[in-house]
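Novice: missing the sequence, but the structure's below:
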């Protein structure tokens with residue numbers, strides 16, 4: 001973690017002491033669960049410790065903490081929604097597929113990572129990519145379903161594949 005221009009661990013500790021219980025209460029009111037609130041409050045401060053983009057001086061620390069916590073809540077809900085869809089699809093699969101718990105966990109993590117990679121793309125680009133990769137539809141089928149041309153489908157697929165490919169390269173570097 002770079003400390004130039006970012007919050008030092010001691011500053012995060014001070015934020016924690018001053019605002020942790022307030023943040024936990026704020027999250028509890030929104031989530032309705034003390035356990036989830038405690039987890040997300042903790043994750044908020046871990047995110048601050050691991051970030052190199054946190055301002056050294058926070059004029060509005062509670063506003064900043066709620067922004068970080070909201071992003072974490074959004075990620076939490078997206079993951080829950082994705083996990084629920086995965087479990088529903090798994091329940092519909094033939095019983096002879098029989099994935100091990102480890103394989104199921106890896107598959108779910110892959111889906112979460114794919115969701116994260118595609119998150120910044122326009123919805124129609126994500127939909128075209130998923131129709132191609134998950135449903136196995138042809139370019140013509142995707143174009144008909146989405147009401148766009150085949151060349152547009154190809155552009156969308158290239159855009160989504162580039163996002164996945166270049167994101168993968170950033171993990172290697």
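Specialist: Arrived safely, thanks for sending. What you see is a predicted model, and the numbers here were worked out from it, not measured in a lab. Numbering: from 1, shown residues only.
Novice: hey, let's count contacts and neighbours off CA atoms from now on
Specialist: OK.
Novice: so which bits of the helix or strand of the chain with the lowest mean pLDDT are buried?
Specialist: Ranked by mean pLDDT, DSSP states H and E, the weakest helix or strand in the chain is helix 150-172, scoring a mean of 78. Going by neighbour count (16 or more other Cα atoms under 10 Å), the buried part of helix 150-172 is 150, 153-154, 156-157, 159-160, 164.
Novice: for residue 57, state which of these is nearest.
Specialist: residue 164 (35.2 Å; Cα to Cα).
Novice: give me every residue that touches that closest one.
Specialist: 114, 117-118 (Cα atoms under 8 Å, 6 or more residues apart in numbering).
Novice: who does the longest helix belonging to the chain touch, helix- and strand-wise?
Specialist: Secondary structure assigned by DSSP state H gives helix 61-92 as the longest helix of the chain. Applying 3 or more Cα pairs under 8 Å, 6 or more residues apart in numbering; DSSP states H and E, one finds that helix 61-92 contacts helix 9-31, helix 34-50, helix 101-118.
Novice: tell me which of the ones you listed is the most buried.
Specialist: helix 34-50 (a mean of 18; mean count of other Cα atoms under 10 Å).
Novice: which other helices and strands contact that helix?
Specialist: Judged by 3+ Cα pairs under 8 Å, 6+ apart, helix 34-50 is in contact with helix 9-31, helix 61-92.
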